[in-house]
Structures are given as C-alpha cells and as structure tokens.
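In: Just the structure for this:
(one chain, ligands or ions: 1)
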Amino acid sequence: MLFDHERKRIEVLVETFTRKQLGLKAHTVKRVEQTEEFMIIHIDRLGDRLLRCGLCRQRCREVHSVRKEREWRDLSMRGLPLKLRYRPRRVKCPRCGVRVEDFPWAEPWARVTTSLANAVARLAREMSWQGTARHYGLNWKSVGTIIKRAVQYGLKSRARPAVHVIGIDEVSRRKGQVYLTVVYDLARRVLLWVGEDRTEEAVKKFFTEEMGPRRCHTLRVVCMDMWAPYANLVRQHARNAQILFDRFHIVKHLNEAVEEVRRSEMRRLTQKEKVPFKRSRWLLLKNPWNLTADQKERLSTLVRWNTPIVRAYYLKEAFQLFWEYKQPARAKDLLKKWMSSAMRSRLEPFKKFVRMLRSHLDGILPWTKLRLSNGAVEGMNNKIKSISHRSFGFRSAKHFIAAIYHCCARLPLPVER
Ligand SMILES: [Zn+2]
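Out: Next up is the predicted model:
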C-alpha cells in the first residue's frame, strides 16, 4: 500500500521521464494515467513557450485556437502500449497563415508517433506486414499506411548519387501473371526504381521521371535480357550507355533450349528406351574424371547414341566457355563457331536461340570487357520473391511496390526529434 505522497512522487518521476523521452520543449506531460490496456500520457502546452508552424516549422507568436483532443499511439513500455493525448493548437504563421502546430513526436497527419512508425517500419523490413501488425497490436491497414508514408519520405529524402551501371529486370507478382519492372544500381547494389508492368511505355518513366536527362547522361552500362523490350528506350534516353545482354538471362534461355529438347525427346522415346536417360542430366554435367567406372560406361553408351539430348547437353557446356575468355577477338571467334555448330545440330530450340544471339551480338560481346551482370543483385531478386510469398501475394500492386522499395532501396526513415 502506497501513501498518497509516495504515489504522487512516482507519478512525477514517470512524467519527467516521459517528457525527456519524447524530447518535449514547448510541451509538457501533465499527468500519466494507467488503465488495464494502456498507459495514457496527457500532454499540454508548456506555459507560453512558442509553438511551431506545422508546415514550415517556424516559431509563431500567436495561437489562433485550440482544437479537440487527438490521440497518438506510441511504443509500449513493459508490455503496456503508450498513448499520447493532446489538444492541438492552431497557430498564426506569418508565412503560411493559420495552421495546425508542429508536433515534435509525430508527422503532421500520423496517428502514431514517429518512434512507433519507425519501429514498425524497421520490423516490416524483416517480416510480413501481418506479422508486424500482430507484434505491435496494430491492424494491417495501419502498418500499410506507415510503410507507404515511410517510403514516400524515403524516396523524397534519399541521396541521389550519379549512377553509372544499372540492371533492368522483371519480377512477377502472383506466379507469372502480373509483371513489375525493377531497376538496380549494380555498382551500389541498391534498388533504384520499381514500375508496374514490363512494357516499353511503363519503363519509359524510369528514364524520364526518376532519372531525367542529366542523370541519364552519366549511365555507362545497362544490363538486361535479350528479350526485353527496353533496348530502344536506352538508345533514346541514355545515349552514352552500352547495352549489355545479361549473362544470367542468356544462360536461362540456353537452359530452356536444353529443357525443350529433353522434353520433346522424352515424349518420343518408349518406356524401355527412357531407362538410360533417367538421372542422365547429372551424368552429363559432371566432369568425366569424377565418374566411377560404372558411370563412365553409362556415359559412353549415351555418347555413342548421339541422341538429341546428348547433343543439347554438350552444346550447352561448350557455350559456357564463352564467359571465360578475356580477349574480345577470341571470344567472338568462339561464339561464331559455336553458333554454326548449333545451327547444324538439327535441334530446333537451339536454332531459335542462335537466331536470337545473332541479332543481339553487339550487346553480348562487350561481356568480355565489362564482365558485369544482374547476378550481382540476384539476392535482391530473391528477397522480392520472398516478400511476395510471405505476404501471400499483395492484392494491389501499389502495396507490393511499396514493400519492394521498403526492403531493397535502402531508404532513410524520418528523423526522430
Ligand atoms: Zn508556416
């Protein structure tokens, strides 16, 4: 049982503590009230200290009126969520006219304090919005609003150093259905831009709105897929940039060609003929000197058969040598030889692949000198996939885009005053 004066003293301590925690200067903590669910902090103006304009933050001499009480959710203290209550003043700002005052604990229209908003934002970089909401006892929508605001602030306030090397890629939302285009700064390994859709029209905004002519001017290399429709945009908006068709995408198309051959062969073969091909992929990809006697026997059988599947695997392996060459002339020579042997392979998917290479050689050969690829940001692409999974696929693209910026663009959070 506490005596009244003791209880009073503890409350004063809590008030002083809270005032210092919130960094109040023109405001003070009037009293702290504890209920079953919350700790409510009643705030008031401190004497006649000057309040600031909510728009320009300039100190204002005159208070115009007192508005009705508002409430802000704050962080929890020992499991008890804090709530701030205060009657906002409207001040007469010499520059902006009558405005609601500036709150040192929150952004102008926020219903949570900046400390809570930033804590929520930090956690939402690691886990789902649902999980974050549960952790802080908020609903999903409030978390969404906090992230959206944090991203808006971050995009407005982030540093914009000159960009020299970018990678353009696409990610799908909801298994190969709706596509987004992402642009990375490959040197800093950071996300620069996300756009809805993957058309030339959609990606144009990156060059015109996000970059603008001056920043486009410093672009030196743009890494992308051969099948992407953006090459024209680069030629139009970033004239100093070399287009480089991305190694990982080229290999992906090559693997698809192998897979297509394998699938059509498997359809053609009888059940009995299929047996030697079971798990043959691994056999064909392994270095021959690592094989056991038994495996060598199986391999030589496969090779003697010279089936389309075997030819496809060997073509694929031979192509991979291209990435190792250091001299452009030799690399070009190898590629030309490879293309003519692939054309003679009687494998339709490979012929299609070669035709694709032929019309894009000016963006493939520079690899030997540049040695850049979107592989540098593969981790980021995986992160985007996991964002999409853990959120069960965002219903709206706007939310998904905000989450991508939030997790991959290294945006600054609002400053806690
Ligand atoms: Zn003002």
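
In: Report the contact partners of residue 45.
Out: If you count contacts by CB atoms under 8 Å, 6 or more residues apart in numbering, residue 45 has them with 26, 27, 28, 51, 89. For every residue, glycine as well, the C-beta is placed using N, CA and C.

In: Quick one: name the residues of the stretch 51-200 of the chain near the ion.
Out: Counting by CB under 5 Å from the ion, the stretch 51-200 of the chain comes close to the ion at 53, 55, 56, 93, 95, 96.

In: Give me the distance between the closest residue to the ion within the stretch 201-350 of the chain and residue 86.
Out: Here the stretch 201-350 of the chain gets closest to the ion at one residue, residue 209, 29.2 Å apart by CB to the ion. Separation of residue 209 from residue 86 (CB to CB, to the nearest Å): 39 Å.

In: With neighbour numbers in mind, choose between the two.
Out: Comparing residue 209 with residue 86 by other CB atoms under 10 Å, the one with more neighbours is residue 86, at 21 against 10.

In: For that one, which non-adjacent residue is spatially closest?
Out: residue 43 (4.1 Å; CB to CB, 6 or more residues apart in numbering).

In: what's the answer for residue 69, then?
Out: For residue 69, the spatially nearest residue (CB to CB, 6+ apart) is residue 87, at 5.0 Å.

In: Near that neighbour, how many other residues are there?
Out: There are 13 residues near residue 87, going by other CB under 10 Å.

In: The one 10 residues further on too?
Out: Other residues within reach of residue 97, judged by other CB under 10 Å, total 12.

In: now swap in residue 243 and tell me
Out: Look at residue 243: counted by other CB under 10 Å, it has 20 neighbours.

In: Could you verify my assumption that it touches residue 232?
Out: No: here residue 243 does not reach residue 232: they are 10.1 Å apart, not a contact under CB atoms under 8 Å.

In: rewinding a little: wait, is the residue nearest to residue 86 part of a helix?
Out: No: going by DSSP: H, G, I helix; E, B strand; the rest coil, the assignment for residue 43 is strand, not a helix.

In: Under the pLDDT cut-off, which ranges of the stretch 1-150 of the chain? List them.
Out: Low-confidence segments of the stretch 1-150 of the chain, defined by pLDDT under 70: 1-3, 7-8, 10-11.

In: As a check, name the ranges of all strands in it.
Out: 27-34, 39-45, 51-52, 59-60, 62-66, 70-77, 80-86, 89-93, 97-100 (DSSP state E, counting those that start in this stretch).

In: okay, the angle between the first one and strand 39-45?
Out: For strand 27-34 against strand 39-45, the angle between stretch directions is 160 degrees (axes from the mean of the first three to the mean of the last three CA atoms, to 10 degrees).

In: ok, and what's touching strand 27-34?
Out: Residues outside strand 27-34 that contact it (CB under 8 Å, 6+ apart) are 11, 14-16, 18-19, 22, 39-46, 80, 86, 104.

In: List the buried residues in that strand.
Out: 27, 28, 29, 32 (16 or more other CB atoms under 10 Å).

In: where does residue 277 land on pLDDT?
Out: For residue 277, the model assigns a pLDDT of 71.

In: mind listing what it touches?
Out: Contacts of residue 277 (CB under 8 Å, 6+ apart): 265, 266, 269, 302, 309.

In: If we ignore the residues flanking it in sequence, what's nearest the fourth one?
Out: Closest residue in space to residue 302, ignoring its immediate chain neighbours: residue 310 at 5.4 Å, by CB to CB, 6+ apart.

In: how close does residue 378 get to residue 220?
Out: Distance of residue 378 to residue 220, computed by CB to CB: 21 Å.

In: So between these two, which is more surrounded?
Out: Between residue 378 and residue 220, counting by other CB under 10 Å, residue 220 is the more crowded of the two (15 against 12).

In: is it true that that one touches residue 163?
Out: No: using CB under 8 Å, residue 220 makes no contact with residue 163, being 9.1 Å away.

In: which residues does residue 179 contact?
Out: 170, 171, 172, 173, 197, 198.

In: pretty sure the residue nearest to residue 302 is in a strand, no?
Out: No: with three-state DSSP as the criterion, residue 310 is located in helix rather than a strand.

In: from here on, count from 474
Out: New numbering, starting at 474: the last item is residue 783.

In: Show the pLDDT at residue 807.
Out: 95.

In: cool, residue 831 as well?
Out: 95.

In: re earlier: out of the strands of the stretch 474-623 of the chain, flag the one nearest residue 818.
Out: strand 543-550 (65.2 Å; CB to CB).

In: For that closest one, output the C-alpha coordinates as CSV.
Out: Extracted C-alpha coordinates of strand 543-550, given in CSV (Å, rounded to 0.1, in the frame of the first residue of the first chain):
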residue,chain,number,x,y,z
ARG,A,543,-6.3,14.0,-30.5
GLU,A,544,-4.6,10.7,-29.7
TRP,A,545,-1.3,9.1,-30.9
ARG,A,546,-0.2,5.5,-30.4
ASP,A,547,3.3,5.2,-29.2
LEU,A,548,5.7,2.3,-28.4
SER,A,549,4.9,0.1,-25.4
MET,A,550,6.5,0.3,-22.0
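
In: roughly how far is the longest helix anywhere in the chain from the heart of the chain?
Out: Of all segments of type helix in the chain, defined using DSSP state H, the longest is helix 720-741. How far helix 720-741 lies from its chain's middle: 29 Å, per CA atoms, centre = their mean, to the nearest Å.
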